[in-house]
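> show me the folded form of this:
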Amino acid sequence: MSNSSSGVQAVPETTRVGFAQADISCAVGTPLGGNARTDKAARGVHDPLHATVAVFTSGGGHHVMVGLDLLSAPSHLVEAIARAVEARTGIPASCVFVSATHTHSGPDVGRGHSMDRHDYSTVDEWERTAVATIAATAADAHRKAMPATMRVVTTDVAGLSFNRRLIHRDGSTRMNWEGVPPEDVLGARGPIDPGLLVLAFYDDAGAPLGAVVHYTLHPAILVGHEWLVSADYVAEASAQVSRSLGGRPVLFLNGALGNINHLDFHAPGRAIGFPESARVGNTLGRAAVEAIQDSAPAAGIDVVRSRALTVTLEQRTVGREQLEAARALLASSTGDVEALDGIPPEAYAQWAVTAGRELTPLLDVRIAILQLQHVVLVYVPFEVFVEFGLLLRGAFPGKLVKVVSPANGYFGYLPTAVAFAEGGYEPTLGTSTISPGQGERLFHHIGTELRCMLHQEGPEQR
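Predicted structure coming up:
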């Protein structure tokens, strides 16, 4: 089942745009998310984590984009941010869109996803401060909003992203971080999306206001490398674009990254560390800057509208047999859990006896859609498989439709039905809770909603 609500602003006046940015780095000692460790407390900050806000005011209505250098944007955090933004600006909470870059070197806002027993009180403290900072940043962006134009830039950046699911010569699915010899790999199990999108905004005099950058690639190059806080490759990519725009804020959106990372199975050996993160980020940033310089002039923004829908999906649940096996494993375990990639059996077992046993058969999933001219951003609260992003983009020729993931909540991975049959890391119960085929169901509803939104005759008022 699904239901929807729309908020589409008429635009009798020039669209106003404002950007602002703040440092939301966590303190030393804060548990870092995105890897399993007995000790995952941050030792320091390599590069700052940012909250970047863009506010669009058009026809008396407002939309707020909040981009966070975090592993995810869990529902409780999204709701807290939206309420705080409304309290500071008067902009309705329903008009606030929150996304995470998915860095694996920031505070563990998912509290270990119930897979460990760490003390997360420092994350609680960080969150209280961060929410207030983000709301103040949104108020700053709102105050700075001025008549603006937008330059839409697209290009492909190859050689940075790879499908991490591999076909082993024995027919099994292996992950590209497992170090499988290249001669034992028949190929990748799926595509990539090398498309880079940049939205650059300018005032009436042609001075830059800020930019939105969208690319599809897991920021898991560092996974808490040296226990330092970092935005991963997003830091270098955003900095390159920002410098080209006179130091203006850059809001980075990730795409359907569920099965996409930076590891090339043809080149054995794990590529990890700050030099590799810088290489990827600088390559992406340079491509963005060059594309901006070669693009058409900026134009007015006369379409700014949004839509929301809720889709009820089926979830798998933890059965008695699995629960008993998890308890037995934990009873025999030493308690030490270490894995930079993937999730160890002990962590899955810990999840099964805590959050897993509380799963319900149905899950309500809220999708938010924001349109700026012919660019359509679809906020999805999963780590979405790239196949869904490509399918959605191809279904609407003439529009630039991009999945933003993870965004406006977090419910784990969203694999394709084929991936469930193939096996591997992402479909495992605990990493994903959705039943096979529910990703296709969700994107069917998203496609239907988009067709209604994009093919309507006239503007709808909120």
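> CA atoms of stretch 380-393 as PDB?
Output of stretch 380-393 as PDB, limited to C-alpha atoms (Å, rounded to 0.1, in the frame of the first residue of the first chain):
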ATOM      1  CA  VAL A 380      15.600   7.100  -0.100                       C
ATOM      2  CA  PRO A 381      16.300   5.800   3.400                       C
ATOM      3  CA  PHE A 382      18.400   2.800   2.300                       C
ATOM      4  CA  GLU A 383      21.800   2.000   0.900                       C
ATOM      5  CA  VAL A 384      20.200   1.500  -2.600                       C
ATOM      6  CA  PHE A 385      21.600  -0.900  -5.200                       C
ATOM      7  CA  VAL A 386      22.900   1.000  -8.200                       C
ATOM      8  CA  GLU A 387      20.500  -0.900 -10.500                       C
ATOM      9  CA  PHE A 388      17.500   0.900  -9.000                       C
ATOM     10  CA  GLY A 389      19.200   4.300  -9.600                       C
ATOM     11  CA  LEU A 390      19.900   3.500 -13.200                       C
ATOM     12  CA  LEU A 391      16.400   2.100 -13.800                       C
ATOM     13  CA  LEU A 392      14.800   5.200 -12.400                       C
ATOM     14  CA  ARG A 393      17.000   7.600 -14.400                       C
END
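> torsion angles phi and psi at the residue with the largest distance to the centre of the chain?
Most distant from the centre of the chain: Ser332, at 36.3 Å, with distances by C-alpha atoms, centre = their mean. For Ser332, the backbone dihedrals (degrees, to the nearest 10) come out as phi -90, psi 0.
> OK, contacts around it?
Listed by C-beta atoms under 8 Å, 6 or more residues apart in numbering, Ser332 has no contact partners. From N, CA and C alone the C-beta is placed, and that goes for glycine too.
> any idea of the pLDDT on it?
pLDDT, Ser332: 91.
> against Ala355, how distant is it?
21 Å (C-beta to C-beta, to the nearest Å).
> just the CA coordinates of stretch 202-217, formatted as CSV?
Extracted in CSV, the C-alpha atoms of stretch 202-217 (Å, rounded to 0.1, in the frame of the first residue of the first chain):
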residue,chain,number,x,y,z
TYR,A,202,24.9,32.3,-8.7
ASP,A,203,23.5,35.7,-7.7
ASP,A,204,22.3,38.3,-10.1
ALA,A,205,25.8,39.6,-10.6
GLY,A,206,27.2,36.2,-11.4
ALA,A,207,28.9,35.7,-8.1
PRO,A,208,28.8,32.1,-6.8
LEU,A,209,26.5,31.2,-3.9
GLY,A,210,27.3,27.5,-3.5
ALA,A,211,26.9,24.2,-5.2
VAL,A,212,25.3,20.7,-4.9
VAL,A,213,27.4,17.8,-6.1
HIS,A,214,26.0,14.3,-6.7
TYR,A,215,28.1,11.1,-7.3
THR,A,216,27.6,7.4,-6.6
LEU,A,217,30.5,5.9,-4.6
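> and it, what's its mean pLDDT?
97.
> and it, how far from the chain's centre?
19 Å (C-alpha atoms, centre = their mean, to the nearest Å).
> what is the one helix or strand Arg128 maps to packed up against?
Using DSSP states H and E, Arg128 maps to helix 121-144. Judged by 3 or more C-beta pairs under 8 Å, 6 or more residues apart in numbering; DSSP states H and E, helix 121-144 is in contact with strand 16-23, strand 50-58, strand 61-68, helix 75-89.
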